[in-house]
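J.: Here is the input, now give the coordinates:
(one chain, ligands or ions: 1)
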Amino acid sequence: MTRTGTAIAKQDYDVIVIGSGMGGLVTATQLAAKGAKVLVLEKYLIPGGSAAYFEREGYRFDVGASMIFGFGTEGTTNLLTRALEGVNMSMETIPDPVQIHYHLPNNLELKVHKNYGKFIEELTAKFPHEKIGIRRFYDECWQVFNCLNAMELLSLEEPRYLMRVFFQHPFACLGLVKYLPQNAGDIARRYISDPELLKFIDMECYCWSVVPAGKTPMINAGMVFSDRHYGGINYPKGGVGTISEKLVEGLEKFGGEIQYKARVTNILMEQGKAVGVRLADGKEYRAKRIVSNATRWDTFEKLLTNNPLPKKEEKWQQRYEKSPSFLSLHLGVKSEVLPIGTECHHVLLEEWETMEDEQGTIFVSIPTLLDPSLAPPGHHIIHTFTPSYINEWEGLSKQEYSQKKEAAASHLIKRLEKIFPGLVDGLDYQEVGTPRTHRRFLGRNDGTYGPIPSRKLPGLLGMPFNRTVIPGLYCVGDSTFPGQGLNAVAFSGFACSHRIAVDLGI
Ligand SMILES: Cc1cc2nc3c(=O)[nH]c(=O)nc-3n(C[C@H](O)[C@H](O)[C@H](O)COP(=O)(O)OP(=O)(O)OC[C@H]3O[C@@H](n4cnc5c(N)ncnc54)[C@H](O)[C@@H]3O)c2cc1C
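T.: Model prediction:
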């Protein structure tokens, strides 16, 4: 026992990763594969964070993510395939022929087909007068994607790597430098003037960036708007949670360790350097490098309580704010509820003015259309969620909270009846999650989905990479470059592990 009565664990590690979200696991597996001694500490019972699952009455629900990019077979942007391969793992996936079926105001019904030509044709049929503009905007997204997809995606904080890729792919690099400070909305407005089409492009961005096109970095838009037609959207067989389970299996095969129910309460500092962590049960572990997969707000405000907020983080917090969390409805429904030909992912909005409102846009995912094994026979899962802020759900008595949840759920279901008539009568199971649930189970500050620009920023230039101002401490996941989404945080994991490997000389 130490002076403070805490138990110091004997083992020393090369790297400790706080959290087993996709960002943390990709960092850990990549480093373990390079021979580093890695320990992952996860406060929950299973790995995956926002990409985990839970089971109820024969249903296996994805906690969050279900529209999965990064499982392509070609190019370099298929980072989930590559992360698994890094530890000799692979998994079966089911291709989704349509990324999203939009149900938008003024009866704008549109499907984003995997086939690029088919999507452009369908969109052009709705806005024939914008035929050229549509083609130019989406083709410019391809330019961004082709640059990214030409090079190995590693740490942009590593000068030797930057030099190497520059000499290997000079045009791709210059292309990316050009797009780095730009936002998708500005580029769309260069080619398109129809206000409704511009609103559609806002929604195309909002449904993953949670901000309209004017605030969405062109690098991310280029990636999403092209990869959906290239690598495509592929659902992992057995549910999204299996990705993390496979990564953990791979981590352990390469000698890495993971502990569950291991909540880190403090990052330990010595002479201004991060040297270890303390858990809620008092155990302490030390390592040469510490990686936090918690959000930046949690990392700097909760795990480093004895340190003043670094100036750089203060600045970051002025530029980026917490996006809303979600009100989530996990439904089990009778199969008859779904009309024949129903697609897996839907976005529903009745009035353009409410796109960014609390409980404005509704997102729907029906993974059992791709993998029926996730529900009992004759049933489907409908996971639906809509942005919601924590302050809407605080200061309520237990009874008020429960009543508010019920009321919000039935309002959502009523709205969903527009696309699934008969939904109320077909309900078999219902579980409601609020921003409080997201905060509690995902360990995310205010349950936030991640950082969003608090004002218009120059593209992705303001997103921090993995190193922090604290020597020995790195961040990984959606509050680092390039932001939210499983494939994006996998990118952050590749970059973080690369930077650490260079720093450790392995
Ligand atoms: C409802 C919803 C739907 C989404 N849909 C999609 C989608 O369709 N496609 C897509 O690509 N992305 C989607 N996303 C986004 C995507 O899931 C996230 O961007 C991504 O999973 C975040 O990964 P991460 O590694 O940054 O962190 P997280 O997933 O937040 O993981 C962090 C981990 O760290 C652990 N942790 C935190 N603090 C501590 C601590 N002190 N001690 C120990 N452990 C700790 C947490 O328990 C958690 O396991 C969705 C997200 C949500 C919430």
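J.: Outline the domain layout of this structure.
T.: Domain assignment for the chain by automatic domain parsing gives 8-51+63-91+237-321+455-504, 115-232, 325-388+394-433.
J.: Quick one: closest of those domains to the ligand.
T.: For the domains of the chain, proximity to the ligand was assessed by C-beta to the nearest ligand atom; domain 8-51+63-91+237-321+455-504 is nearest, at 2.1 Å. In this view, the C-beta of every residue, glycine as well, is placed from N, C-alpha and C.
J.: Would you mind listing what in this structure touches the ligand?
T.: Proximity of the chain to the ligand, by C-beta under 6 Å from any ligand atom, involves residues 18-24, 41-44, 49-51, 64-69, 263-264, 293-294, 298, 326, 328, 385, 442-444, 449-450, 477-478, 484-486, 489.
J.: Tell me how many other residues crowd residue 175.
T.: Neighbourhood size, residue 175 [other C-beta atoms under 10 Å]: 18.
J.: That one: what's it in contact with?
T.: Residue 175 sits next to 143, 144, 146, 147 when contact means C-beta atoms under 8 Å, 6 or more residues apart in numbering.
J.: Per-residue pLDDT of it, please?
T.: Residue 175 carries a pLDDT value of 90.
J.: One more: residue 4?
T.: Residue 4 is given a pLDDT of 45.
J.: Return a selection command, for use in PyMOL, containing the buried ones of the residues of the chain next to the ligand.
T.: Those of the residues of the chain next to the ligand that count as buried under 16 or more other C-beta atoms under 10 Å are selected in PyMOL with:
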select buried, resi 18+19+20+21+22+23+24+41+42+43+44+49+50+51+64+65+66+67+68+69+264+293+294+298+326+328+385+442+443+444+449+450+477+478+484+485+486+489
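J.: So which of the residues of the chain next to the ligand sit within helices?
T.: 22, 23, 24, 298, 442, 486, 489 (DSSP state H).
J.: Please render those as CSV that adds pLDDT and distance to residue 215 to the earlier fields.
T.: CSV is the format used below for those (pLDDT from 0 to 100; distance: C-beta to C-beta, whole Å):
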residue, pLDDT, distance to residue 215
22, 98, 24
23, 98, 22
24, 98, 27
298, 96, 23
442, 93, 24
486, 97, 21
489, 98, 20
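J.: Relative to residue 75, which of those residues is nearest.
T.: The shortest approach to residue 75 among these belongs to residue 486, at 16.8 Å (C-beta to C-beta).
J.: Please report the distance of residue 256 from residue 31.
T.: Going from residue 256 to residue 31 by C-beta to C-beta, to the nearest Å gives 8 Å.
J.: These two: which is more packed in?
T.: Per other C-beta under 10 Å, whichever of residue 256 and residue 31 has more neighbours is residue 31, with 29 against 25.
J.: Might you report the residue contacts of the closest residue to the more buried one other than its chain neighbours?
T.: Distances taken as C-beta to C-beta, 6 or more residues apart in numbering place residue 497 nearest to residue 31, at 4.8 Å, with adjacent residues excluded. Shown in contact with residue 497 (C-beta under 8 Å, 6+ apart): 26, 27, 28, 30, 31, 34.
J.: Show me where the stretch 251-400 of the chain has its strands.
T.: Here the stretch 251-400 of the chain has its strands, by DSSP state E, counting those that start in this stretch, at 257-259, 264-270, 273-279, 284-292, 320-322, 325-334, 345-348, 362-365, 379-388.
J.: Need those strands in CSV (columns: mean pLDDT).
T.: Listed next are those as CSV, based on pLDDT from 0 to 100:
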stretch, mean pLDDT
strand 257-259, 98
strand 264-270, 96
strand 273-279, 97
strand 284-292, 97
strand 320-322, 97
strand 325-334, 97
strand 345-348, 98
strand 362-365, 98
strand 379-388, 98
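J.: what's the neighbour count on residue 455?
T.: Neighbours of residue 455 under the rule other C-beta under 10 Å: 9.
J.: Sorry, wrong one. I was asking about residue 479.
T.: Look at residue 479: counted by other C-beta under 10 Å, it has 30 neighbours.
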